[in-house]
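Student: Give me a 3D structure for the following:
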Amino acid sequence: MSRKGRNTEIQQMEVGKTTGAFLTAALAVLSLTFLFPIVLVFINSFKSKLFISDAPFQLPKAGTYVGLTNYVEGIRKTGLFPAFGRSLFITVASVAVIILFTSMTAWFLTRVKSAFTNILYYVFVFAMIVPFQMVMFTMSKTANDLYLNSMYGLVLLYLGFGAGQAVFLFCGFVKAIPLEIEEAAMIDGCSPVQTYFHVVFPMLRPTAVTVAILNAMWIWNDYLLPSLILPQEKGTIPMVIQNLKGGYGSIDMGAMMAMLVLAIFPIIVFYLSCQKYIIKGVAAGAVKG
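Tutor: Coordinates of the predicted model:
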């Protein structure tokens, strides 16, 4: 390699290092920007409600620190533990049925080529772009008529609203699975159901984890749909936290901050424990593609 070529390569490496350092710094600042509201809520959960509005950015001091009082008071006022159980059941059940039924649907739509499956696929894609506000009144009326105004009915509604995105993601991954693998399983005597559960679904695990994380974060934090379906005394965590808002605009900010911390803690733990599977899923998709 000539001297000019070596100099050009060195310059390119220096530019790459500079660009990488700049991107790292920019992403670090962006991460801190996203984390700041969470840290702010956590800090204010240990302060007296009288000082949260006056000095929201200050750390708790001797005169403002109240320990776990906000947590105890928030749990007492909201009935958090029963609401936690309801939210946990709704989230786990909804995510389970979404993964099971949408993955089977995606496998069928991908492997069976016909005008019907093509139309059905685009119906699912269209469902992704329909705003919830367009259908919430007719949906709530239909849910009441069909006696779906319960936790079990809410699971079915979440299946309907989450199917579009899940089918779209699963279809993209199923297309990358070689058809010869399924044909070999059927030659060995597997039925279509056995082929799906023993061959196809294990290969869909990275995408299934991605779908589970996306839907779990949405369902756990959702307020609007449960508030339209469930009675107030059987509400989820976002619903019972709203009970801290009193008359004439009064809000127990200390208890609300504490309950927000308890509400976001489980979903953060779930995301951190599953994020490595998302990376594996992206890498597997890149290799398959």
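Student: Could you pull out the helices in this protein for me?
Tutor: In the chain, the segments counted as helices under DSSP state H are 3-44, 49-52, 69-78, 80-111, 115-129, 132-145, 151-174, 179-187, 192-195, 201-203, 205-221, 224-229, 237-241, 253-288.
Student: between these, which gets nearest to residue 62?
Tutor: Proximity to residue 62 (CB to CB) singles out helix 49-52 among the helices of the chain, at 11.7 Å. For the C-beta atoms, the positions are set from N, CA and C on the backbone; glycine is no exception.
Student: circling back: winner for burial among the helices of the chain?
Tutor: helix 237-241 (a mean of 22; mean count of other CB atoms under 10 Å).
Student: Give the residue spans of the chain that score low on pLDDT.
Tutor: Scanning the chain for pLDDT under 70 picks out the ranges 1-16, 246-249, 277-289.
Student: what does stretch 92-108 contact?
Tutor: Applying CB atoms under 8 Å, 6 or more residues apart in numbering, the external contacts of stretch 92-108 come out as 117, 124, 154-156, 158-159, 162-163, 166-167, 169-171, 173-174, 196, 200-201, 204, 207-208, 211-212, 215-216, 219.
Student: Using PDB, write out every CA atom in that stretch.
Tutor: Taking C-alpha atoms only, stretch 92-108 is exported to PDB below (Å, rounded to 0.1, in the frame of the first residue of the first chain):
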ATOM      1  CA  VAL A  92     -49.900 -11.900  31.800                       C
ATOM      2  CA  ALA A  93     -53.100 -13.400  30.300                       C
ATOM      3  CA  SER A  94     -53.300 -10.800  27.500                       C
ATOM      4  CA  VAL A  95     -49.700 -11.200  26.500                       C
ATOM      5  CA  ALA A  96     -50.000 -15.000  26.500                       C
ATOM      6  CA  VAL A  97     -53.100 -15.100  24.300                       C
ATOM      7  CA  ILE A  98     -51.600 -12.500  22.000                       C
ATOM      8  CA  ILE A  99     -48.400 -14.500  21.500                       C
ATOM      9  CA  LEU A 100     -50.300 -17.800  21.000                       C
ATOM     10  CA  PHE A 101     -53.000 -16.800  18.600                       C
ATOM     11  CA  THR A 102     -51.200 -14.200  16.600                       C
ATOM     12  CA  SER A 103     -48.200 -16.400  16.000                       C
ATOM     13  CA  MET A 104     -50.400 -19.200  14.800                       C
ATOM     14  CA  THR A 105     -52.300 -16.700  12.600                       C
ATOM     15  CA  ALA A 106     -49.000 -15.300  11.200                       C
ATOM     16  CA  TRP A 107     -47.800 -18.900  10.300                       C
ATOM     17  CA  PHE A 108     -51.100 -19.600   8.500                       C
END
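Student: distance between that stretch and the chain's centre?
Tutor: The chain centroid and the centroid of stretch 92-108 are separated by 15 Å under CA atoms, centre = their mean, to the nearest Å.
Student: again with stretch 221-237
Tutor: 17 Å.
Student: Endpoint to endpoint, that stretch covers what distance?
Tutor: 8 Å (CA to CA, to the nearest Å).
Student: Name the residues that touch it?
Tutor: Residues from elsewhere that reach stretch 221-237 (CB under 8 Å, 6+ apart): 80, 83-84, 86-87, 90, 132, 136, 139-140, 143, 148-151, 153-154, 157-158, 161, 220, 238-239, 242, 259, 263-264, 267.
Student: One more pass at 6 Å, please.
Tutor: Contacts to stretch 221-237, defined as CB atoms under 6 Å, 6 or more residues apart in numbering, come from residues 83, 86, 87, 140, 143, 149, 154, 238, 239, 263.
Student: Next: stretch 161-168.
Tutor: 98, 102, 105, 106, 124, 125, 127, 128, 211, 215.
Student: and of those residues, the nearest to residue 60?
Tutor: residue 215 (35.9 Å).
Student: Could you measure from the closest one over to residue 231?
Tutor: Distance of residue 215 to residue 231, given as CB to CB, to the nearest Å: 24 Å.
Student: go on, residue 139?
Tutor: 17 Å.
Student: Could you tell me how far stretch 57-75 lies from the centre of the chain?
Tutor: Using CA atoms, centre = their mean, the offset of stretch 57-75 from its chain centre is 30 Å.
Student: Repeat that for stretch 67-80.
Tutor: Offset of stretch 67-80 from its chain centre (CA atoms, centre = their mean): 26 Å.
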